[in-house]
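In: Build me a model from this:
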Amino acid sequence: MATPLVAVVFIGAAINHQRAADRPIGEGQLFLDDAAYASARVMDTMHDGMETDPAIRHVRNQLTVEALAIIDGSGTVTSSTSQSLIGELLTNGLLQFGPFDRRFVVVAGPLETELQVDGVAEWNEGDVVYQALHPLEDGASLLMFYDISELLERRALAQGIKSFTLQLLGLALFFAILSAGLAFGRARAWRCHEQLESESEFLRERSADLERHNARLDEALALSEETNRVRAEFVLMINHELRTPLTGVVTGAELLASDGDVMSHADRTRLLDDIVTDGHRLKEMIGQMLAVARVENRGLNFDLSDVPAADAYREILARHPKVRAVFDRAAGLDDAHLRTDPSTLAQVASSLADNAFTHGADDVWFTVADSLPFEPMQEVGRRPEYGLFILICDNGPGIEREFLPRAFEKFEKFSRTAGTGLGLYLVAVMIDALGASLSVTTSAAGTIMAIGVPRAEIPEMAEMSR
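Out: Coordinates of the predicted model:
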């Protein structure tokens with residue numbers, strides 16, 4: 001910022017110097033300017049109570065005058081740079097006109113006494129010089145002497161651009177170029193700075209992206225390792241779970257084939273029952289695995305319809321005859337309609353009952369409630385605001401609290417119990433597809449699982465329609 005200002009200052013100085021050099025010497029404005037400057041300096045000295053001789057000597061050295069003098073109201077010189085003038089009385093009528101009428105007067109006339117400079121007579125009596133008289137305060141006046149020949153020589157100087165003006169313009173050009181160079185360098189540095197900032201921001205974003213990608217890769221790696229672990233455990237589990245009933249079927253069939261004639265009827269019947277049981281177990285496990293594959297490939301999509309709640313409940317009871325019903329007709333059951341797929345709902349209830357028997361229960365029963373009769377410890381799906389709750393209750397040992405959150409995940413099994421760990425996972429998938437919910441509470445005295453099935457109509461509206 002300072003460099004352009006310096007260039008402007010030098011340009012202004014060059015213009016002022018050229019104007020002063022081009023001004024014709026001898027013009028009245030020159031005398032007025034000198035008189036104004038000299039009188040101001042002298043008046044300052046007089047106001048400060050100082051001697052005027054040093055002041056007028058300093059002013060003479062600053063101006064293009066030959067001598068300076070101060071004249072009192074009577075026209076007598078009281079102070080001068082030329083000692084020969086002190087005490088002289090003005091006799092020139094034109095000059096006397098100035099002090100008396102307080103006017104500025106300039107005349108070209110002969111000197112009445114010699115004019116000394118530094119004690120040496122430079123102009124003799126009778127030499128013609130310019131004399132300018134400027135009134136001061138208190139009746140005094142300032143008298144300035146100019147050499148006419150010097151003024152004429154200066155007036156005759158050739159006009160044009162002066163060397164000092166060129167020097168000033170050269171300095172101004174130097175600072176202007178320097179300023180432009182600095183501005184260009186600053187602009188370039190700013191562009192480089194912005195480019196570096198942009199590249200730094202880009203690198204920071206890419207670094208953040210890489211960190212996110214690395215985090216996702218770590219998660220994917222952990223998931224892959226977990227998947228490999230689950231797959232390995234699943235293969236071992238399936239190998240064991242399929243081998244056990246398959247061994248029973250093969251062994252029983254071989255016994256029947258080899259010892260069928262000598263085997264007692266009771267042993268034969270018991271062996272056939274074991275083969276049938278193991279066969280059903282194989283069928284169930286294979287069916288679960290096929291169902292999981294079908295669900296993960298195509299998903300589940302049921303055609304839900306409005307069905308009487310009593311019909312759906314009867315289908316549930318018919319699907320699993322080993323389960324007893326606390327009552328066949330719940331309060332208001334005949335009047336309720338459910339929005340569901342009754343076959344799938346019965347399959348879910350049957351699977352939950354089978355799971356209870358598999359895990360140690362010897363008594364399982366169904367019942368129905370208009371609202372959820374307990375605070376759930378685990379819940380799957382979204383509980384309907386208006387629904388009917390089908391409860392599957394058992395007297396088994398219950399489910400451990402730590403395992404309960406994982407109970408409905410794929411391949412998760414409690415302890416080393418039999419099964420593939422897919423039954424409750426399929427139940428959760430079907431519950432979600434039905435738009436129903438499954439609420440669980442468990443203790444050492446048994447487990448209750450409540451299927452919340454949405455009603456086909458809001459109870460208040462059904463009451464109004466009746």
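
In: ok, which stretches of the stretch 201-350 of the chain are helices?
Out: Using DSSP state H, counting those that start in this stretch, the helices of the stretch 201-350 of the chain run over 265-298, 309-319, 342-358.

In: Straight-line length of stretch 405-424, end to end?
Out: 12 Å (C-alpha to C-alpha, to the nearest Å).

In: ok, back up a step: weakest of the helices of the stretch 201-350 of the chain by average pLDDT?
Out: Mean pLDDT is lowest for helix 265-298 out of the helices of the stretch 201-350 of the chain, coming in at a mean of 68.

In: list the contacts for Val364?
Out: Taking C-beta atoms under 8 Å, 6 or more residues apart in numbering, we find Val364 in contact with Lys322, Val323, Arg324, Ala353, Ala356, Phe357, Ile392, Cys393, Asp394. In this view, the C-beta of every residue, glycine as well, is placed from N, C-alpha and C.

In: now do 6 Å
Out: Residues in contact with Val364 (C-beta atoms under 6 Å, 6 or more residues apart in numbering) are Val323, Ala353, Ala356, Asp394.

In: Determine the number of other residues adjacent to Val453.
Out: Per other C-beta atoms under 10 Å, the neighbour tally for Val453 reads 26.

In: got the CA coordinates for the host helix or strand of Phe145 in PDB?
Out: In this structure, Phe145 sits in strand 141-146 according to DSSP states H and E. The C-alpha coordinates for strand 141-146 follow below in PDB (Å, rounded to 0.1, in the frame of the first residue of the first chain):
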ATOM      1  CA  SER A 141       6.400  46.900   5.600                       C
ATOM      2  CA  LEU A 142       8.500  44.200   3.900                       C
ATOM      3  CA  LEU A 143      10.800  45.300   1.100                       C
ATOM      4  CA  MET A 144      12.300  42.700  -1.300                       C
ATOM      5  CA  PHE A 145      15.000  43.400  -4.000                       C
ATOM      6  CA  TYR A 146      15.300  41.400  -7.300                       C
END
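
In: Give the buried residues for that strand.
Out: By neighbour count on 16 or more other C-beta atoms under 10 Å, the buried set for strand 141-146 is Ser141, Leu142, Leu143, Met144, Phe145, Tyr146.

In: same question, stretch 171-191
Out: In stretch 171-191, residues buried by neighbour count (16+ other C-beta under 10 Å) are Leu171, Ala172, Phe175, Ala176, Ser179.

In: Among the residues you listed, which ones are in helices?
Out: Leu171, Ala172, Phe175, Ala176, Ser179 (DSSP state H).

In: right, and the pair among the residues you listed with maximum separation?
Out: Using C-beta to C-beta, the pair of these lying farthest apart is Leu171 and Ser179, separated by 12.4 Å.

In: And the contacts of the strand or helix carrying Leu30?
Out: Using DSSP H and E, Leu30 sits in helix 28-47. Contacts to helix 28-47, defined as C-beta under 6 Å, 6+ apart, come from residues Thr52, Ala55, Val59, Leu63, Val106, Ala132, His134, Leu136, Leu142.

In: Name the nearest residue to the last one, ignoring sequence neighbours.
Out: By the measure of C-beta to C-beta, 6 or more residues apart in numbering, the closest residue to Leu142 outside its immediate chain neighbours is His134, 4.5 Å from it.

In: Repeat that for the fourth one.
Out: The spatial neighbour of Leu63 that comes closest, neighbours along the chain excluded (C-beta to C-beta, 6+ apart), is Asp34 at 4.9 Å.

In: cool, the fifth one as well?
Out: Ranked by C-beta to C-beta, 6+ apart and with sequence neighbours excluded, the top spatial neighbour of Val106 is Ala132, at 4.6 Å.

In: The first one too?
Out: Spatial nearest neighbour of Thr52, chain neighbours left out: Ser79 (4.7 Å); criterion: C-beta to C-beta, 6+ apart.

In: Could you report the neighbour count for the one you found?
Out: So Ser79, with other C-beta under 10 Å, has 19 neighbours.

In: how big is the angle separating the strand holding Phe145 from helix 28-47?
Out: Interaxial angle of strand 141-146 relative to helix 28-47 (axes from the mean of the first three to the mean of the last three C-alpha atoms, to 10 degrees): 130 degrees.

In: So which elements touch strand 141-146?
Out: Secondary-structure packing of strand 141-146 (3 or more C-beta pairs under 6 Å, 6 or more residues apart in numbering; DSSP states H and E): strand 67-71, strand 128-135.

In: can you give me how far the following helix or strand past the first one is from the chain middle?
Out: Yep, that's strand 67-71 we're talking about. Per DSSP H and E, the first helix or strand lying C-terminal to strand 67-71 is strand 77-80. Distance of strand 77-80 from its chain centroid, counting by C-alpha atoms, centre = their mean, to the nearest Å, is 82 Å.

In: who does strand 77-80 pair up with?
Out: Here strand 77-80 has these sheet partners by DSSP bridges: strand 67-71 (antiparallel).

In: Give me the contacts around the partner strand.
Out: Residues outside strand 67-71 that contact it (C-beta under 6 Å, 6+ apart): 52, 56, 60, 77-82, 85, 115, 140-141, 143-145.

In: which of the residues you listed sit farthest apart?
Out: Pairwise over the contacts of strand 67-71, using C-beta to C-beta, the maximum falls at Leu115 and Ala140, 20.2 Å.

In: So the two - more neighbours on which side?
Out: Regarding Leu115 and Ala140, a neighbour count based on other C-beta under 10 Å identifies Leu115 as having more, with 23 against 19.

In: Any figure for the gap between the closest residue in space to the more buried one that isn't next to it in sequence and Asp147?
Out: Nearest-residue entry for Leu115: Trp123, 4.0 Å, with adjacent residues in sequence omitted and distances by C-beta to C-beta, 6+ apart. Taking C-beta to C-beta, to the nearest Å as the measure, Trp123 falls 8 Å from Asp147.

In: Could you list the low-confidence segments of the stretch 101-250 of the chain?
Out: For the stretch 101-250 of the chain, applying pLDDT under 70 flags the ranges 152-165, 227, 229-245.

In: Strands of that one, start to end?
Out: Listed in chain order, the strands of the stretch 101-250 of the chain (DSSP state E, counting those that start in this stretch) span 105-110, 115-117, 120-123, 128-135, 141-146.

In: okay, now the domains of the chain?
Out: The record's domain parsing of the chain by automatic domain parsing lists 2-160, 203-296, 305-465.

In: Could you look over these and pick the most buried one?
Out: domain 305-465 (a mean of 18; mean count of other C-beta atoms under 10 Å).

In: Which strand residues bridge the residue nearest to Ser84 when sequence neighbours are not counted?
Out: Ranked by C-beta to C-beta, 6+ apart and with sequence neighbours excluded, the top spatial neighbour of Ser84 is Gln116, at 4.8 Å. Beta bridges link Gln116 to Ala121 when assigned by DSSP bridges.
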